[in-house]
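S.K.: Sequence and predicted structure, then a few things I'm wondering about:
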Number of protein chains: 2
Amino acid sequence: MSGACVIGVDLGGTKLLAGVVDADLQVHHRTQRLVPRGDTAALLDAVCAAVADASAVAPMPVAAVGFGIACLMDDRRGVAARSVHLPVVDLPFADVMRERLGLPVEVDNDANTAMLAEWRAGAARGHDDAVLLTIGTGVGGGLVVGGRLTRGAIGAGPELGHMVIDANGPPCPGGCPGRGCLEAFVSGEALGRAGTAAAVADPDSGLGRALAAGRPVTGPLVTELAWDGDAAARAVVASRGEYLGIGIASLVNILNPSVVVVGGGVIAAGEMLLGPARAVVATRALAPARDVVDIVPARFGEEASMVGAAMLVLESRGLRSPTAPPPAAADRAA
Amino acid sequence: MSGACVIGVDLGGTKLLAGVVDADLQVHHRTQRLVPRGDTAALLDAVCAAVADASAVAPMPVAAVGFGIACLMDDRRGVAARSVHLPVVDLPFADVMRERLGLPVEVDNDANTAMLAEWRAGAARGHDDAVLLTIGTGVGGGLVVGGRLTRGAIGAGPELGHMVIDANGPPCPGGCPGRGCLEAFVSGEALGRAGTAAAVADPDSGLGRALAAGRPVTGPLVTELAWDGDAAARAVVASRGEYLGIGIASLVNILNPSVVVVGGGVIAAGEMLLGPARAVVATRALAPARDVVDIVPARFGEEASMVGAAMLVLESRGLRSPTAPPPAAADRAA
C-alpha cells in the first residue's frame, strides 16, 4: 500500500457519495448524503462537508480529490455545459473545489469515471473496445475505443442515453431536445412509467395491486415485484430489456465493441433485463460483431463512479498504474 | 514526387475503379468497369485486369496495391465476413491478390478508405474526431476517434448505415437482420423508393410525370428533378435529409465529433440534402456538442475510396507521411 490515498466523489442527480480510496482500490470510508436541490452554494457546501468528513477519517494523507459529476462537460471552457439536476452549469467546478479544498482536484462526467473503474478493474478489464451504459434515473454512457477512454472533440461525449432509437418517439425527458432517445425507454423513470401503465392495464397483477394500495410504481418497485415473480412486472422489465437490446445492437454495429457493461440502479433486475437485451442483439445486430460482444453487468455497482473518480486522481498523481491488477473479488469496492 | 506510385482500387457493389496514385496524391490514370455479378472467379479476374491496365500506364514503378472493398471485414480471420453484393465472403482476399498480382497488398472496408482520404487530405483534415457517412446504394461509415481511424474490436465497424433510428421501423434491406436502420431511410435506394411513392401520390408533379412516362424513379432521377426545381422531388430529398439529420444527431450525442462528412452518390443533392440535416441536428442534438460540429460534403467525391485505398499503401510503404499536405484544390483527385 502506498503512503497516500485520495477521495473519490460521485456527485449524482440525487445522491452524493464520497469515499476514501487507496492505491489498491480499497475503500476505507464512505459517506453518503442527499444532494441539496436548487442552490449552488448549498451544493458546494454539501460537497465540501462530505470531503471533510472523508478526510477526517482517512488513514493516510489525502493527495487529491476526484469528482464524477452528473453533467455534460465542455472542455473548451472547463465548465459543466449541461446538467439536468445539478446547479453547476457554467461553474468552473474544478477551480472552485481546488480553492475551497486546498487539494488537487480533477473532474469528469460520472459515467466516464464509472467506465474508467470498470475498464481498469471491473467488467471491461482487458478490453480495448468497450461500452458502458449506466441506467439510473437517466442513462449515462462511457466508451473505450482502441484502448483509450473517449470523450469527443470537446469532452461532451459520450451521451449514450441520447442516441436515437425511435425517430418519431416521445420527447426525451430531462431537458434533452431530442425525441425517442434510449433514455426515454430504458431509464429507471421509464421503467416506472411502463410499470404504471401495466398496473392500470392489469389490476389483478402484483403491479396492479400495489398501485391500488397506493404505492408509487417506481423502477425499484417494478424490479422488486419482478423478482417476486409477478408476471406483469417481469414483462415490463423484459420490454425495457428489449429496448436496451436495440440500443446495444446499434452500438455494436457502430463501434464493434468486445464488451458492453450495464450498470446503474436498473441493473438490479439482472438477467431479467439482460437476457432479453442479449436476445435482441443476437437477432438484430450484424454478424460477426454481434458474435464477439459480451453483454455483462457492471462489477462496481453503485460505487463505480466514485471508485473511478478516485482512480482518475490516483493515476494522474502517479499513485496507481493504469496496468495495476484489480482488487480481488472479495475485496472489491462494490 | 517520389520514385514510385501505387494503385488504389475501389471495389464497390456495382463499380470497380482503379487509379494510379503518386505520393502527392496525383491520380495519373483511372480505369473503371462494372463488377461482374455472382461469380468469385470472374470478380477476381476483373480486379486483376483492372490492376494490370493501370500498371501498364503507370509512369513509375508500382510499389503496392491498396483495396477498399464494400464488405464487412473480420480481422481475426483476415477475410470478408459479410458483403451484400460481392462474392468475397470468407475469401482471404489480400492473400489471393498478393499471390496473383505479385505485389504487396492491403485491404480495408471501402468506407474506411474513404474516411482515410477525407481525414488526411479532404473535408475532415485536421479533425481528431470525425464521422464519414457515404450514402450510395447503401450507407457506409467511417470514424476517427481521438486522432485514430477506428475499426472496432475485430475490424467489423463502423457500420454507421446500420445504426437504428426507428426501433419499430421497416426491415433493413440488403440482408441486415435489423429494422429501422439509417440505411433503410437515406440510401440511394431509399431515395428512389420515397420518390416512387411521391410520384404515385402526386401524378402532376415532375416525379409523377416521369413515372407516367415510364422512367424508373431512382435516386439519381429524384436528385435531377429536385435540381430542376420540382417541388415533389425537393420534398423527397428534404425528407431524406431530415432522417439523415436524425442519424447525425445521434452520432453527435454518442461521439461528439467536430466534423461529419457526407459523401457517396446521394450527396449530388448537395444543400438540398444537407440543409434539412443540419436543421434537425440544430434542434434535436445536445448542446454544446451540436454547436461545434460542421456537417459538410466530402471533398473527394466518387474517388474517395480509391484515393484512400492508395493512401493506405502509400503510408504503410513509407511513400507518404500521414502529415503530408493535401493536394491543392485545383489538383485534387475529385
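M.R.: Done, it's in.
S.K.: so who does the residue in the stretch 51-200 of chain A positioned nearest to chain B touch?
M.R.: Relative to chain B, the nearest point of the stretch 51-200 of chain A is residue A:152 (2.4 Å; Cβ to the nearest Cβ). The C-beta positions use only the backbone N, C-alpha and C, and glycine is treated the same way. Neighbour list for residue A:152: A:158, B:129, B:255, B:256, B:257, B:289 [criterion: Cβ atoms under 8 Å, 6 or more residues apart in numbering or on different chains].
S.K.: pLDDT weak spots in the stretch 201-334 of chain A?
M.R.: Residues of the stretch 201-334 of chain A meeting the criterion pLDDT under 70: A:329-334.
S.K.: Those residues of it touching chain B, which are they?
M.R.: Residues of the stretch 201-334 of chain A lying close to chain B (Cβ under 8 Å from any Cβ of the partner chain) are A:243, A:246-247, A:249-251, A:253-258, A:283-289, A:292-293.
S.K.: one more time with 10 Å, if that's ok
M.R.: Counting by Cβ under 10 Å from any Cβ of the partner chain, the stretch 201-334 of chain A comes close to chain B at A:242-243, A:245-259, A:280, A:282-293.
S.K.: likewise the stretch 1-150 of chain A?
M.R.: Looking at chain B, the residues of the stretch 1-150 of chain A close enough under Cβ under 10 Å from any Cβ are A:72-77, A:81-82, A:127-131, A:141, A:143, A:145-150.
S.K.: Go again with 7 Å.
M.R.: A:72, A:74, A:81, A:82, A:128, A:129, A:145, A:146, A:148, A:150 (Cβ under 7 Å from any Cβ of the partner chain).
S.K.: buried ones in stretch A:308-322?
M.R.: By neighbour count on 16 or more other Cβ atoms under 10 Å in any protein chain shown, the buried set for stretch A:308-322 is A:308, A:309, A:310, A:311, A:312, A:313, A:314, A:315, A:317, A:319, A:320.
S.K.: likewise stretch A:47-62?
M.R.: A:47, A:50, A:51, A:53, A:54, A:55, A:58, A:62.
S.K.: domains for chain A, by residue range?
M.R.: Under the assignment automatic domain parsing, the domains of chain A span A:5-116+A:301-331, A:126-297.
S.K.: between the ones you listed, which one is nearest to residue B:225?
M.R.: Among those, the nearest to residue B:225 by Cβ to Cβ is domain A:126-297 (25.4 Å).
S.K.: What is the end-to-end distance of the closest one?
M.R.: 16 Å (Cα to Cα, to the nearest Å).
S.K.: Kindly calculate the angle that the longest helix anywhere in chain A makes with helix B:231-255.
M.R.: Longest helix of chain A, by residue count under DSSP state H: helix A:231-255. Helix A:231-255 and helix B:231-255 are oriented at 100 degrees to each other (axes from the mean of the first three to the mean of the last three Cα atoms, to 10 degrees).
S.K.: Please give the centre-to-centre distance between the helix or strand just after helix A:231-255 and its chain.
M.R.: Counting by DSSP states H and E, the element after helix A:231-255 in chain order, helix or strand, is strand A:259-263. Mean C-alpha position of strand A:259-263 versus that of the full chain (Cα atoms, centre = their mean, to the nearest Å) differs by 10 Å.
S.K.: Please enumerate residues in contact with stretch A:173-181?
M.R.: For stretch A:173-181, the surrounding residues in contact (Cβ atoms under 7 Å, 6 or more residues apart in numbering or on different chains) are A:84, A:138, A:161-172, A:184, A:189, B:249, B:283-284, B:286.
S.K.: What are the buried residues along it?
M.R.: A:173, A:174, A:176, A:177, A:178, A:179, A:180, A:181.
S.K.: Double-check that the first one belongs to a helix.
M.R.: No. Inclusion of residue A:173 in a helix is not indicated when DSSP: H, G, I helix; E, B strand; the rest coil is applied; the result is coil.
S.K.: Any figure for the gap between it and residue A:263?
M.R.: 20 Å (Cβ to Cβ, to the nearest Å).
S.K.: do the last one as well
M.R.: When distance is defined by Cβ to Cβ, residue A:181 is 19 Å away from residue A:263.
S.K.: List the contacts of the closest residue to residue A:116 other than its chain neighbours.
M.R.: Once flanking residues are discounted, residue A:116 sits nearest to residue A:308: 4.1 Å by Cβ to Cβ, 6 or more residues apart in numbering or on different chains. Shown in contact with residue A:308 (Cβ under 7 Å, 6+ apart): A:68, A:113, A:114, A:115, A:116, A:117.
S.K.: Export these as JSON lines, with columns for neighbour count.
M.R.: Shown next, in JSON lines, are these (neighbours: other Cβ atoms under 10 Å in any protein chain shown):
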{"residue": "A:68", "neighbour count": "33"}
{"residue": "A:113", "neighbour count": "30"}
{"residue": "A:114", "neighbour count": "34"}
{"residue": "A:115", "neighbour count": "34"}
{"residue": "A:116", "neighbour count": "29"}
{"residue": "A:117", "neighbour count": "34"}
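S.K.: quick one, phi/psi of the residue nearest to residue A:116?
M.R.: Note on residue A:308: its backbone torsions stand at phi -70, psi -40 [degrees, to the nearest 10].
S.K.: same check, this time on residue A:32
M.R.: Dihedral angles (degrees, to the nearest 10) for residue A:32: phi -130, psi 140.
S.K.: Now do the end-to-end distance for stretch A:114-127.
M.R.: First-to-last residue span, stretch A:114-127, Cα to Cα: 15 Å.
S.K.: just how off-centre is that stretch within its chain?
M.R.: So, by Cα atoms, centre = their mean, the centroid of stretch A:114-127 is 13 Å from its chain's centroid.
S.K.: ditto for stretch A:36-51
M.R.: 21 Å.
S.K.: swap in stretch A:65-77?
M.R.: 14 Å.
S.K.: per-residue pLDDT, residue A:42?
M.R.: Per-residue pLDDT puts residue A:42 at 93.
S.K.: Grab the nearest non-local neighbour of residue A:118.
M.R.: residue A:124 (4.6 Å).
S.K.: quick one, phi/psi of the one you found?
M.R.: phi -110, psi 10.
S.K.: was I right about it contacting residue A:261?
M.R.: Yes. Residue A:124 is within contact range of residue A:261, at 5.2 Å (criterion: Cβ atoms under 7 Å).
S.K.: Looking at pLDDT only, which of the buried residues of stretch A:173-181 scores worst?
M.R.: residue A:174 (75).
S.K.: Find the residue at the geometric middle of chain A.
M.R.: With distances taken as Cα atoms, centre = their mean, residue A:134 lies nearest the centre of chain A, 3.6 Å away.
S.K.: Let me see the contact set for that residue.
M.R.: Contacts of residue A:134 by Cβ under 7 Å, 6+ apart are A:111, A:114, A:140, A:263, A:264.
S.K.: What sits closest to it if chain neighbours are left out?
M.R.: Nearest residue to residue A:134 in three dimensions, chain neighbours excluded: residue A:264, at 3.9 Å (Cβ to Cβ, 6+ apart).
S.K.: Make a markdown table out of the buried residues of stretch A:308-322 and add secondary structure.
M.R.: Output for those, formatted as a markdown table (three-state DSSP):
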| residue | secondary structure |
| --- | --- |
| A:308 | helix |
| A:309 | helix |
| A:310 | helix |
| A:311 | helix |
| A:312 | helix |
| A:313 | helix |
| A:314 | helix |
| A:315 | helix |
| A:317 | coil |
| A:319 | coil |
| A:320 | coil |
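S.K.: Out of these, which comes closest to residue A:271?
M.R.: residue A:308 (24.8 Å).
S.K.: What residues does the residue nearest to residue A:118 make contact with?
M.R.: A:118, A:130, A:132, A:144, A:259, A:261.
S.K.: any idea how far residue B:167 is from the third one?
M.R.: Using Cβ to Cβ, one obtains 21 Å as the distance from residue A:132 to residue B:167.
S.K.: Show the backbone phi and psi for the residue sitting furthest away from the middle of chain A.
M.R.: What lies farthest from the middle of chain A is residue A:204; by Cα atoms, centre = their mean that is 34.5 Å. Dihedral pair for residue A:204: phi -80, psi -10, per degrees, to the nearest 10.
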